[in-house]
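K.L.:
Pasting the sequence and the predicted coordinates here, then a few questions.
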Amino acid sequence: MNSRAFTLIELLVVIAIIALLIGILLPTLNSARKTAEQVKCFSNLRQIATSSVMYADANGGWSPALGVPWGRVPFWALIVQSDADSESYSERSVLVCPSGNREHGGSMTRTYAVSVTGLTGRPGERADFDAEVVHIPLWNIRRPSETAWYVDSEAAPVTGAAPPPTRTISTVDFRDANHVPARLGYYHASTKPVYNFVRFDTSTGSHTKVPESWLTPLP
């Protein structure tokens, strides 16, 4: 039986063809991955909003708590977890955006925030989510199809020798000029980086900026 080894030139040609195919396929695969992550994130946000609506239906129309008590129900994230039969955070939770998780090294257990616009204890506001248990009366949301409820959020910066966070910031005030650039999670990309959100009517979307209608204080 006659056999012939590949020459160096033939091997180089094969390697070049493989490299060319990889170069062609990688952008397509990367785009498909990002699309899948976008779809999963939208699904997560709808489930979070749906769980919150279900809680409100069982509690006189009042939403889960925005902040206090942080470590137990009715804090909104734990309400969502308990609705999924788990009160502990998990990397596979509905509270984790796959794009946000990837951006932070794959160890996140929560990557969404709730809007606290108009409920931060400033003069003239009715409550402070960080000092008392604050619920939103859903029946008083005037434009539920135009008002954000939950959004992709960014992790707080690591200071000193502190370990990387496993959860992103859980609240955002859209009127706060410091919150918008620091707390919104721009994990998704079309022509520009965008963050995903869900409105009070449970519809989802993406934005690069904060719409004017989101600056209205929540009731």
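P.N.:
Looks like it arrived, so ask away.
K.L.:
what's the burial count for Ala156?
P.N.:
13 (other Cβ atoms under 10 Å). (Glycine included, C-beta is placed from N, CA and C.)
K.L.:
for this structure, which strand is longest?
P.N.:
Secondary structure of the chain per DSSP state E: the longest strand is strand 193-199.
K.L.:
Can you name the element that comes right after the helix or strand hosting Ala49?
P.N.:
Element membership for Ala49 (DSSP states H and E) is helix 8-57. Counting by DSSP H and E, the element after helix 8-57 in chain order, helix or strand, is helix 76-83.
K.L.:
what's that next one in contact with?
P.N.:
47-48, 51-52, 54-55, 63-66, 71-73, 87-89, 93-95, 110, 112, 114, 170 (Cβ atoms under 8 Å, 6 or more residues apart in numbering).
K.L.:
Just the buried subset of the residues you listed, please.
P.N.:
Applying 16 or more other Cβ atoms under 10 Å to the contacts of helix 76-83, the neighbour count classes 47-48, 51-52, 55, 63-66, 73, 89, 93-95, 110, 112, 114, 170 as buried.
K.L.:
which residue is nearest the centroid of this protein?
P.N.:
By Cα atoms, centre = their mean, the chain has its centre lying nearest to Asp152, at 2.7 Å.
K.L.:
My guess is it contacts Asn44. True?
P.N.:
No. If you go by Cβ atoms under 8 Å, Asp152 and Asn44 don't touch, sitting 9.7 Å apart.
K.L.:
Overlap of the contact sets of the two?
P.N.:
97, 112.
K.L.:
Now do the helix holding Ala49: which elements does it pack against?
P.N.:
Contacts defined by 3 or more Cβ pairs under 8 Å, 6 or more residues apart in numbering; DSSP states H and E place helix 8-57 against helix 76-83, helix 98-103, strand 112-115, strand 148-152, strand 188-189, strand 193-199, strand 204-207.
K.L.:
Now do that helix, average pLDDT.
P.N.:
Here helix 8-57 scores 81 as its mean pLDDT.
K.L.:
Use 863 as the first number from now on
P.N.:
Fine by me, first position is 863 from now on; the one you just mentioned is helix 870-919.
K.L.:
That one to strand 1010-1014, inter-axis angle?
P.N.:
150 degrees (axes from the mean of the first three to the mean of the last three Cα atoms, to 10 degrees).
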